[in-house]
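> I would like to see how this sequence folds:
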Amino acid sequence: MSSQQTGNPQDGPPLAAPQAAQAAGGRARVMTGLTLFTGRRYLCGPAFTAACAPGDNLAVQAAVYQAPAGSVIVCHGGGTTTAGLFGGLVAADAAAHGLAGLVIEGPVRDTDDIDRLGFPVLSTGTAPARAAKAAVVSIGQPVLVGGVLVSPGDQVVADRDGAVVIPAADWPAVRDEAAALAAREEQVLARIAAGERLADINGLDLTPYLVPRPS
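As a prediction, this is how the structure comes out:
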């Protein structure tokens, strides 16, 4: 069901990650291990990919500098655990140039600043130290993030329920199917508000599982 997300997903109204996952079915790939949402808890957009060297965020800086407006930076952090690969100043730059968010398998810092800015960042956690800026593993190449191989242009939808990746070629159809699903859910909510039961609306026969009421 829609969780009343806010944001500006590509070419359409906001869609929740569960709606995108349900509409996509087997076309969806669900990221795991990314547990910290900083800033606004919703993002949606095509992936611009990068991979960092350990302890180094030059790849993040390069991705933010060149990614088209509306992109979600999707980055592998190179196994970094002690240095923040993304912070308040980079977030301000990304937001000022219209990027839609960051998904990074690695830690971030300046989370209070990112929260105030509202720039959506989904990461594995935080680390206070400053990252180096000396090496780049890759820019614009497929990256493995959250257990999912993400190619440039794949659509990323993330909210507090998790992150879903949908191949670029499938996204237009999935977006339309997810919008239709959201509309159907609104109709179901109206019927529930009018007194109907969800199981009855869905055609579920719960009779064998009902406990007899005391006489």
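> okay, now the unreliable bits of this protein?
1-13 (pLDDT under 70).
> can you give me the end-to-end span of stretch 158-174?
In stretch 158-174, first residue to last residue: 15 Å (C-alpha to C-alpha, to the nearest Å).
> for stretch 123-134, that is, sorry about that
End residues of stretch 123-134 are separated by 22 Å (C-alpha to C-alpha).
> next one: stretch 206-215
Note: stretch 206-215 ends 20 Å apart using C-alpha to C-alpha.
> residues touching it, excluding its own?
Ala199 (C-beta atoms under 8 Å, 6 or more residues apart in numbering). Where C-beta positions appear, they are placed from N, C-alpha and C, glycine not excepted.
> from the chain's centre, how far out does that stretch sit?
42 Å (C-alpha atoms, centre = their mean, to the nearest Å).
> next: stretch 116-125.
11 Å.
> give the buried residues for it.
Leu117, Phe119, Pro120, Val121, Leu122, Ser123, Thr124 (16 or more other C-beta atoms under 10 Å).
> identify those among those residues that sit within strands.
Per DSSP state E, strands hold the following members of those: Val121, Leu122, Ser123.
> closest one of these to Leu43?
Leu122 (7.0 Å; C-beta to C-beta).
> surely the closest one is in contact with Arg160?
No. The pair Leu122 / Arg160 is not scored as a contact, 9.9 Å apart, by C-beta atoms under 8 Å.
> what is in contact with these two at once?
Shared contacts of Leu122 and Arg160, counting by C-beta under 8 Å, 6+ apart, come down to Phe37.
> just checking: what are the partner strands of the helix or strand hosting Phe48?
Using DSSP states H and E, Phe48 sits in strand 42-52. Note on strand 42-52: by DSSP bridges, its sheet partners are strand 72-76 (parallel), strand 136-139 (antiparallel), strand 155-159 (antiparallel).
> what residues of stretch 79-86 count as buried?
Buried residues in stretch 79-86 (16+ other C-beta under 10 Å): Thr80, Ala83, Gly84, Leu85, Phe86.
> let me have those in CSV, extended by secondary structure and distance to Ile201.
Formatted as CSV, those follow (DSSP: H, G, I helix; E, B strand; the rest coil; distance: C-beta to C-beta, whole Å):
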residue, secondary structure, distance to Ile201
Thr80, coil, 48
Ala83, strand, 51
Gly84, strand, 47
Leu85, coil, 46
Phe86, coil, 44
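> would JSON lines of these with distance to Val164 be doable?
Formatted as JSON lines, the buried residues of stretch 79-86 follow (distance: C-beta to C-beta, whole Å):
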{"residue": "Thr80", "distance to Val164": "25"}
{"residue": "Ala83", "distance to Val164": "28"}
{"residue": "Gly84", "distance to Val164": "26"}
{"residue": "Leu85", "distance to Val164": "23"}
{"residue": "Phe86", "distance to Val164": "21"}
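> can you give me the first-to-last residue distance of stretch 76-89?
20 Å.
> and that stretch, how far from the chain's centre?
18 Å.
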